[in-house]
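> the amino acid sequence is not available; the structure is as follows:
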């Protein structure tokens with residue numbers, strides 16, 4: 001279940017933010033947004049597929065919870081409203097059933113009765129804002145200006161990531177035409193033990209999550225990858241003492257990556273930010289200085305946000 005949640009979050013993150021490209025030596029970065037006729041189409045299809053699969057497994061029609069989910073997916077969340085008859089028509093349920101479900105959802109605050117019909121209630125909107133996907137989206141938006149600063153300073157690829165059970169989820173990537181070619185896109189899950197971002201996040205993670213990586217079988221992506229628990233433990237201790245991590249061709253040959261932590265309110269670990277480039281071109285000392293300065297500025301900005309804990 002945890003792996004499925006990580007995969008779903010990665011897919012939603014990738015859909016929400018396409019990879020950010022920065023051309024050449026440009027001094028500004030822009031994020032491209034993929035146009036779509038219905039931004040909720042994929043979500044609706046997934047919900048209906050899940051409901052259908054659950055019903056087939058039980059060999060019974062959709063239950064009350066599944067019907068409620070279908071109704072909620074139809075309701076607009078932009079202040080508009082939709083009538084009972086239209087909801088019933090779209091999901092193929094009797095009008096009386098839909099009316100009863102809407103009444104229950106309204107009592108729970110998940111739906112809201114308006115003059116022209118029904119819309120999503122405030123409670124469900126608040127719940128959505130608390131989901132990992134939405135919180136990582138807010139985190140990315142908060143830190144994007146600092147990522148742009150780091151890109152302008154280094155002229156190398158910049159990444160933002162957070163730790164999940166399956167690895168490091170890439171929230172953003174800024175790069176230019178001279179950036180090292182890496183198989184990384186927004187939404188990619190990267191190996192925590194073989195990347196600088198991953199080592200930073202593991203080094204400062206809680207003991208349970210770190211131990212899970214130290215006791216699992218680690219894949220060697222190159223001849224330089226740290227692929228044993230004891231070796232990784234020593235590497236993480238070094239990261240904690242220095243305050244940053246280095247990947248010298250451990251994920252991709254001839255590519256160097258440096259990463260530093262970004263802290264939230266109460267010094268909770270929020271994310272890791274990294275700079276990647278060809279090893280022959282990276283000035284490790286200067287890039288580390290620039291990276292740590294930007295990470296420190298990002299941490300100060302994030303700590304000033306009232307709800308920055310828990311990212």
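Ah, there it is. On a predicted model such as this, the values are computed, not experimentally measured, just so you know. Numbers count the residues shown, from 1 in each chain.

> quick one, phi/psi of residue 249?
Here the main-chain torsion angles of residue 249 (degrees, to the nearest 10) amount to phi 70, psi 20.

> one more: residue 106?
Residue 106 adopts backbone torsions of phi -70, psi -40, taken as degrees, to the nearest 10.

> quick check: closest non-adjacent residue to it.
Once flanking residues are discounted, residue 106 sits nearest to residue 113: 5.4 Å by C-beta to C-beta, 6 or more residues apart in numbering. (C-beta placed from N, C-alpha, C; glycine too.)

> and the helix or strand harbouring the one you found, what does it pack onto?
Per DSSP states H and E: residue 113 is located in strand 111-114. The contact analysis (3 or more C-beta pairs under 8 Å, 6 or more residues apart in numbering; DSSP states H and E) places strand 111-114 against helix 95-107, strand 117-120.

> can you add mean pLDDT, mean neighbour count and distance to residue 160 and give the ones you listed back as TSV?
Shown next, in TSV, are the helices and strands packed on strand 111-114 (pLDDT from 0 to 100; neighbours: other C-beta atoms under 10 Å; distance: least, C-beta to C-beta, whole Å):
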stretch	mean pLDDT	mean neighbour count	distance to residue 160
helix 95-107	93	16	36
strand 117-120	93	20	30
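
> CSV for these, including distance to residue 232?
Below are the helices and strands packed on strand 111-114 laid out as CSV (distance: least, C-beta to C-beta, whole Å):
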stretch, distance to residue 232
helix 95-107, 48
strand 117-120, 45
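
> how about these, which one is nearest residue 77?
strand 117-120 (4.1 Å; C-beta to C-beta).

> what's in contact with that closest one?
72, 75-84, 86-87, 102, 106, 110-112 (C-beta atoms under 8 Å, 6 or more residues apart in numbering).

> can you do 10 Å?
Residues outside strand 117-120 that contact it (C-beta atoms under 10 Å, 6 or more residues apart in numbering) are 71-87, 98-99, 102-103, 105-106, 110-113, 128.

> just the buried residues of those.
Among these, the ones that count as buried by 16 or more other C-beta atoms under 10 Å are 71-75, 81-82, 84, 87, 98, 102, 105, 110-112.

> return the member of these nearest to residue 275.
Nearest to residue 275 among the buried ones among the contacts of strand 117-120, counting by C-beta to C-beta, is residue 73 at 40.9 Å.

> so the closest one touches residue 90, yeah?
Yes: the criterion here is C-beta atoms under 10 Å, and residue 73 meets it with residue 90 at 9.5 Å.

> name the SS class of residue 256, please.
strand (DSSP: H, G, I helix; E, B strand; the rest coil).

> likewise residue 173?
Residue 173 ends up strand, using three-state DSSP.

> that one against residue 161, yeah?
Yes: counting by C-beta under 10 Å, residue 173 does reach residue 161; the two are 9.5 Å apart.

> hey, what's in contact with both of those two?
Counting by C-beta under 10 Å, 6+ apart, the contacts common to residue 173 and residue 161 are 184, 188, 274.

> understood, closing this out.
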